[in-house]
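Participant: Sequence below, structure please.
(one chain, ligands or ions: 1)
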Amino acid sequence: MKDTAVQVARDAAELVSKAREAMLTGEPVRVDTKTTETDVVTAVDQASEQLIRRRLADLRPGDEVLGEEQGGSAGSGVTWVVDPIDGTVNFLYGSPAFSVSVAAQIDGVSVAGAVVEPVGGRCWTAVRGAGAWLDGRPLRTSAPRRLDLALVATGFSYQAERRARQARVIASLLPKVRDIRRPGSASLDLCAVAAGWVDAYAEHGLHRWDWAAGALIAQEAGAVVSLPGEDTDLGHDATVAAAPSIAEELRATLIACGMKE
Ligand code: IPD
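Facilitator: Got it, this is the predicted structure:
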């Protein structure tokens with residue numbers, strides 16, 4: 001299933017990369033809004049998801065697909081969970097920090113996944129129980145000694161109320177860590193934990209397609225990962241991934257910073 005995830009994510013990444021080139025030379029891209037005026041979907045997100053769905057229908061007929069733009073639901077067998085562009089706002093602004101994320105889930109649990117960066121072509125993969133890789137090289141998290149020496153990534157939702165809560169947590173966390181990063185693509189943030197490029201990542205309110213591949217990659221690289229609904233002390237909608245050496249300290253600090261409220 002990893003090979004299928006890689007294949008379809010790479011095909012979609014090629015489409016997205018070509019569309020980006022055209023956009024950067026001035027070709028207009030249709031942009032619609034979703035839950036709020038800043039929550040956008042471009043024609044390229046839609047074309048990418050359509051391509052992935054077509055490829056999966058050929059390669060894995062009978063499997064279910066759950067995608068950010070066209071929805072879907074999990075079935076009793078394999079469900080492919082797809083974010084056709086994770087980091088759509090970065091894409092729209094011409095920033096290279098976005099990805100195509102594809103994961104295979106069984107009973108809601110990711111068993112294989114791929115995160116491909118259309119710009120530069122990096123390919124992050126994982127298989128449950130077997131490991132995580134960046135372009136074939138095995139991944140391992142960092143091992144910071146303490147939370148105050150840790151670099152922590154985060155992200156923000158498109159909902160005003162949730163953003164206010166996120167801002168309160170980050171304001172309390174900031175003096176307790178080395179620094180905060182907000183790169184703009186949840187799947188890549190989780191991959192960054194896997195590679196040790198950041199020591200941890202925490203965000204409220206991710207959707208399944210944002211974390212399905214990246215969380216498996218982080219976990220298989222040794223991170224302690226908590227998914228929405230798994231740790232009620234962090235609230236019902238928290239995603240946290242941390243290097244094991246600081247995972248307990250981060251969890252206690254996030255709770256003290258009001259992650260649950
Ligand atoms: C968003 C990005 C962002 C995260 C948001 C996500 P999208 O996904 O992953 O980093 O902070 O919560 O919704 O909308 O670009 O696919």
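Participant: how about the residues of this protein that lie near the ligand?
Facilitator: Counting by C-beta under 6 Å from any ligand atom, the chain comes close to the ligand at 68, 83, 86-88, 155-157, 184-186, 203, 206, 210. Bear in mind the C-beta positions are built from the backbone N, C-alpha and C, glycine included.
Participant: mind listing which of those residues are in strands?
Facilitator: Counting by DSSP state E, the residues of the chain next to the ligand place 83, 86, 203 in strands.
Participant: neighbours around the last one, how many?
Facilitator: In this case it means residue 203. A count of neighbours around residue 203, defined by other C-beta atoms under 10 Å, yields 26.
Participant: Can you check the pLDDT for the closest residue to the ligand within the stretch 1-150 of the chain?
Facilitator: Using C-beta to the nearest ligand atom, the closest approach of the stretch 1-150 of the chain to the ligand is made by residue 88 at 3.9 Å. At residue 88, the model reports a pLDDT of 96.
Participant: Check residue 38 too.
Facilitator: 89.
Participant: Including distance to residue 174, could the ones in strands among the residues of the chain next to the ligand go into JSON lines?
Facilitator: Formatted as JSON lines, those follow (distance: C-beta to C-beta, whole Å):
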{"residue": "83", "distance to residue 174": "28"}
{"residue": "86", "distance to residue 174": "25"}
{"residue": "203", "distance to residue 174": "15"}
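Participant: residues touching the closest residue to the ligand within the chain, list them.
Facilitator: For the chain, the residue closest to the ligand is residue 155, as judged by C-beta to the nearest ligand atom, at 2.4 Å. Residue 155 makes contacts with 182-184, 186, 189, 203, 206, as judged by C-beta atoms under 8 Å, 6 or more residues apart in numbering.
Participant: Residue 84 too?
Facilitator: Here residue 84 is in contact with 12, 16, 45-46, 48-49, 52, 67-69, 100 (C-beta under 8 Å, 6+ apart).
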